[in-house]
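*Asks:* what follows is a predicted structure for the sequence shown.
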Amino acid sequence: MQALFLDTTGVHTLLTETLNLQPWLAVTIECLLVGVGLLLVYSVLALIYIYYERKICAAFQCRLGPNRVGPWGLLQSIADMFKMLIKEIIHLQHIDRFLFALAPYLVIIASMLAFAVLPWGDGLQIIDFNIGIFFLIAVSSIGVLGILLAGWSSNNKFTLIGSLRSGAQMVSYELSIGLTVLTMVCLAGSMSVSDICAEQSDLWFIFKGHVPALIAFVIYMIAGTAETNRGPFDLPEAESELTAGYHTEYSGIHFGFFYLAEYLNLFVVSGVASLLFLGGWQPLHFPGWDTFNGIMDYCPGTVWFLAKCFALSFVIIWFKWTYPRLRIDQLLSLEWKYLLPINLFNLVLMVIVIVYGLHF
Amino acid sequence: MANITERIKTLCPSATVEGYNIPVVTVDDDHWHALAKALHDDPELAYTYLVTIVGMDWTDSLGAIYYMMNTDADRILGVKVLAKGTREQPLITSAADIWKVATLYEREVYDFYGIIFLNNPDMRRLFLNIDWVGYPLRKDYDANPDINPVSIESERQSDFTKVYSRSADGTVNCTEERIFQPEDFVVNIGPQHPATHGVLRFRTCVDGETVKKIDVYMGYIHRGIEKLCETLTYPQTLHFMDRMDYFSAHNYHHALCMLYEKAAGIEISRRAQVIRVMMDELSRIASHCLFIGTYCMDLGATTMLFYTLRVREQILDIMEKTCGARMTFNYDCIGGVMADLDENFVADVKALLETIPANIKEYNTLFTGNVIAKNRLTDVGVLSREDAIAYGVTGPSGRASGWACDMRKLQPYSIYPELDFEEIVATEGDSMARFQCRVREIEESAKILWQLVDNIPEGEYCVKVPKVLKLPAGSWFQVTEGCRGAFGLYLESDGTTKPYRLKIAPPCLPQAGVVDHITRGFKIADLITIGGSLDYIVPDMDR
């Protein structure tokens, strides 16, 4: 077990030998520490993302964005988080209280579990096992359950329509994500996240797999945007149609969880894209360019990973602030009539490329 | 004109024709329905567009004046129908089967005057609460607040509507009909909803995502402007014009001032005319710019709003310099305009006009050419030409359906006849056509402004008018073009300083009325697309 940003063997030795704890207790304490660390990184990252999106969106809209709280408005998202924390949680009548309260936790747990798989650097990841990418797809599908529950338990017609839209959307686009991931797993020959990264040490998959990898990348970015419920696929919470969709009735920190999960899903989707296509934490390497590769190695893997994530998130944010929203039937026909057939064809293409050794 | 009078006489011998600025035929209820049918169906008369219905209370009798128009031959006719029955239950036969928009207009008359329209399929109140006591525009209405106290309870509402009909023996029957079936899934879109552009409420019956029926519920911002006008002197009534369609504030002011000047026989200077028309066209550009921005925002393209607001901001700055306000200008007055132009006006307008072509190009690149936008707008909410006329949808929305209904061309007023501009007409009738019509109208308005900006004549900006203005007894009707369509005004004067009746026929009321017709079978998201493309303003329809 390896903890985030630190080598756990030191902690393990400290707990078992210096403090003479039982091994099971030591492992439990380590798990808790990792969990707390994960939560911290998770929430700090969400704050950075909120600031990041606001600034980008402002630039697109000829505005300045937050610039009042703190230098360059840096403390704005912290102030907003604080506001969210102290807001009253409104208790509604005629709702299923248990499910209503459960829904935001399901959403946030799904994105947090997916978060745990991301490779932050060489060996820097919380869970690494042989079906890592499979685990990621599995846990990220839990999120839709939370959204459906939120919409259903709110006892409101808008939330119900929003959550049904969301259910249809996420179930459909999960297919595309699954197939693009499968395409790339074919190329990597492994489902383990660390192996996928290691495979890309000489060349990123997007270059190695050329045409099919590029197609898979484009489809993944579209489907990933849809997975995160962001514009132009933000139908479940289409503001001008359903006021706020499935989270209309939520307030305070419960709403905050949905909000947080939305931004973190953005990070997770970009992180998975950088893992599958851009080498995860691997620096940019080209076979034979030894000097260039040497220079690239000066930058640590974590910086590479974060830079890739932010760059890909920029593209997704760019989508949102440029395109109008699709309609539900157009959204579904895009998936079922276009993306899915292209994806299946692309998978076959990738297999041919691999079998005949046509990749770099 | 004479042959039309003769034709009406042959159709209905008992009718009498009076000629104010527009001829008014008077008939009783027994002959009314047959005459209406003939006026609408006869190919020579073809009064297919019902401009408005003016409810009237002449204290001894009640009635309604139907103003109708033949937009091909450019003729307006008023038909005054005297109600039958007692003051407790005045009756007029409905014309809802002839002009579809009459359903809505007759509800308004019923709401204010209590006149029951027989065979109207939906005889509910339109603006006031269903428990309201009395009919406020009747001259004997008791405005005592104890009768209609401000309620702190939830508003009561009914799922039933009433239909009155006359049986063979002459008695009036009332039947109740359901608006929605008990098993229908009805979603309230509005009154507090980001996409209804104000406090309008659509009770929407949906089947999954598909819209089955919409019941438009209005009146949340009804302020009784027509009633208020009856208690104020003529100059005092002007400022209400800013508070209906607040984007057409100049156009509406212009219209009402013109009506009073026409009635009082005041000639205004050419300088004032030019200033008024320039302000009208600037308003039109600002209004259409805001439409483009908010419409794109409704469709999820939030960024567009800021690009269009840049132009609108520039226009508001120009107006602020001259009028001192950015929203409720109150600039036109009887006899001209309130204040002279700002000294930088010409330079500012030129600077604005120079930026417009580049801006429009940008809007088209950003939005009109976008494949998602095309998919969302094309073939959504198609309104045929016949339906546009029958439902009285005027303005850019009507012109997008191929109906040339620009009142600046049909009923030329002020200096519009001298100006060279094109009437934008499209044939598709879908949301995309309505959107593009407005974009192109910005260009036409800019063209008008280019013609005027260097030719503002010298002279006085306001002529002398009597301190206490009394209009001669009589009635006047006129239709002008607001930013959103035909804006009708009916004035009846009894020779005093206050209007006896001032009826305001806004363009947005029929536009809300047509939403149900063109949205059925489309998706919920299309309701937003269609409603946005009609571009109604709720304070305008509610008054």
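*Replies:* Done, it's in.
*Asks:* below-threshold pLDDT in chain A: ranges please.
*Replies:* A:1-9, A:236-243 (pLDDT under 70).
*Asks:* residue in it nearest to chain B?
*Replies:* Nearest to chain B, among the residues of chain A, is residue A:325, at 2.9 Å (Cβ to the nearest Cβ). Where you see a C-beta, it was placed from the backbone N, CA and C, and this is true even at glycine.
*Asks:* burial measure for the residue of the stretch 1-150 of chain B found nearest chain A, as a count.
*Replies:* Nearest residue of the stretch 1-150 of chain B to chain A: residue B:130, at 22.9 Å (Cβ to the nearest Cβ). Counted with other Cβ atoms under 10 Å in any protein chain shown, the neighbours of residue B:130 add up to 10.
*Asks:* equivalent analysis for residue A:341, please.
*Replies:* Neighbour tally, residue A:341, other Cβ under 10 Å: 10.
*Asks:* now residue B:158
*Replies:* 11.
*Asks:* same check on residue B:435?
*Replies:* By other Cβ under 10 Å, neighbour count at residue B:435 equals 27.
*Asks:* that's a strand at it, yeah?
*Replies:* No. Looking at residue B:435 with DSSP: H, G, I helix; E, B strand; the rest coil, it is helix, so not inside a strand.
*Asks:* how does the chain divide into domains?
*Replies:* If you meant another chain, say so; for now it's chain A. A:1-86, A:90-355 (automatic domain parsing).
*Asks:* um, chain B though
*Replies:* Taken from automatic domain parsing, chain B resolves into B:2-139, B:237-542.
*Asks:* any idea which of those domains scores lowest on pLDDT?
*Replies:* With a mean of 83, domain B:2-139 has the lowest mean pLDDT of the domains of chain B.
*Asks:* follow-up on the earlier one: against residue A:161, how distant is the residue nearest to the residue of chain A closest to chain B when sequence neighbours are not counted?
*Replies:* Once flanking residues are discounted, residue A:325 sits nearest to residue B:300: 2.9 Å by Cβ to Cβ, 6 or more residues apart in numbering or on different chains. Going from residue B:300 to residue A:161 by Cβ to Cβ, to the nearest Å gives 16 Å.
*Asks:* same question for residue B:224.
*Replies:* Per Cβ to Cβ, residue B:224 is found 36 Å from residue A:161.
*Asks:* any buried residues in the longest helix seen in chain A, and which?
*Replies:* Assignment by DSSP state H gives helix A:23-60 as the longest helix of chain A. Neighbour counts over helix A:23-60 (16 or more other Cβ atoms under 10 Å in any protein chain shown) mark A:26-27, A:30, A:33-34, A:38, A:42, A:45-58, A:60 as buried.
*Asks:* likewise for stretch A:93-109?
*Replies:* A:95, A:99-104, A:106-109.
*Asks:* how many neighbouring residues does residue A:183 have?
*Replies:* 27.
*Asks:* quick check: closest non-adjacent residue to residue 350.
*Replies:* Reading this off chain A. In this structure, residue A:350 finds its nearest non-sequential neighbour in residue A:212, 4.1 Å apart by Cβ to Cβ, 6+ apart.
*Asks:* not quite, go with chain B.
*Replies:* Going by Cβ to Cβ, 6+ apart, residue B:350 has residue B:453 as its nearest residue, at 6.0 Å.
*Asks:* isn't that neighbour up against residue B:278?
*Replies:* Yes. Contact status for residue B:453 versus residue B:278: in contact at 7.4 Å, counting by Cβ atoms under 8 Å.
*Asks:* joint contacts of these two?
*Replies:* residue B:349 (Cβ atoms under 8 Å, 6 or more residues apart in numbering or on different chains).
*Asks:* tell me the phi and psi of the residue in chain B that chain A sits nearest to?
*Replies:* Using Cβ to the nearest Cβ, residue B:300 is the residue of chain B that sits closest to chain A, at 2.9 Å. Main-chain dihedrals, residue B:300, degrees, to the nearest 10: phi 100, psi -10.
*Asks:* how deep is the residue of chain A closest to chain B tucked in, by neighbour count?
*Replies:* When neighbours are counted by other Cβ under 10 Å, residue A:325 comes out with 27.
*Asks:* what of residue B:7?
*Replies:* The criterion is other Cβ under 10 Å. On that basis, residue B:7 has 15 neighbouring residues.
*Asks:* spell out the secondary structure type for it.
*Replies:* helix.
*Asks:* contact partners for it?
*Replies:* So residue B:7 contacts B:42, B:44-45 (Cβ under 8 Å, 6+ apart).
*Asks:* am I right that residue B:481 is in contact with residue B:406?
*Replies:* Yes. Between residue B:481 and residue B:406 there is a contact under Cβ under 8 Å: 5.9 Å.
*Asks:* between those two, what contacts are shared?
*Replies:* What both residue B:481 and residue B:406 touch, as defined by Cβ under 8 Å, 6+ apart, is an empty set.
*Asks:* touching, the residue nearest to residue A:325 and residue A:327? I think so.
*Replies:* No. Using Cβ under 8 Å, residue B:300 is not in contact with residue A:327; the gap is 10.2 Å.
*Asks:* common neighbours of the two, please.
*Replies:* Joint contacts of residue B:300 and residue A:327 (Cβ under 8 Å, 6+ apart) do not exist.
*Asks:* burial count for residue 149?
*Replies:* All of this refers to chain A. 23.
*Asks:* you answered for a different chain; I wanted chain B.
*Replies:* With neighbours defined by other Cβ under 10 Å, the count for residue B:149 comes to 8.
*Asks:* ok, now residue A:247?
*Replies:* With other Cβ under 10 Å as criterion, residue A:247 counts 26.
*Asks:* over to the one 5 residues further on?
*Replies:* Look at residue A:252: counted by other Cβ under 10 Å, it has 15 neighbours.
*Asks:* and the one 10 residues further on, by the same measure?
*Replies:* Taking other Cβ under 10 Å as the neighbour definition, residue A:262 ends up with a count of 20.
*Asks:* repeat that for the one 3 residues further on.
*Replies:* Neighbourhood size, residue A:265 [other Cβ under 10 Å]: 23.
*Asks:* point me to the helix or strand that includes it.
*Replies:* helix A:252-277 (DSSP states H and E).
*Asks:* not counting sequence-adjacent ones, nearest residue to the spatially most central residue of chain A?
*Replies:* Central residue of chain A (Cα atoms, centre = their mean): residue A:268, 1.6 Å from the mean position. Using Cβ to Cβ, 6+ apart and skipping residues adjacent in sequence, the residue nearest residue A:268 is residue A:114, 4.7 Å away.
*Asks:* let me see the contact set for that neighbour.
*Replies:* Counted by Cβ under 8 Å, 6+ apart, residue A:114 has contacts A:136, A:139-140, A:265, A:268, A:272.
*Asks:* isn't the residue of the stretch 1-150 of chain B closest to chain A right up against residue B:161?
*Replies:* No. Using Cβ under 8 Å, residue B:130 is not in contact with residue B:161; the gap is 10.4 Å.
*Asks:* need the residues touching each of these two.
*Replies:* residue B:124.
*Asks:* what about residue B:278, how many neighbours?
*Replies:* 24.
*Asks:* what's the answer for residue B:99, then?
*Replies:* Residue B:99: 24 neighbours (other Cβ under 10 Å).
*Asks:* just checking, residue B:529 touches residue B:381?
*Replies:* Yes. Residue B:529 is within contact range of residue B:381, at 6.6 Å (criterion: Cβ under 8 Å).
*Asks:* shared neighbours, the two?
*Replies:* With Cβ under 8 Å, 6+ apart, residue B:529 and residue B:381 have common neighbours residue B:431.
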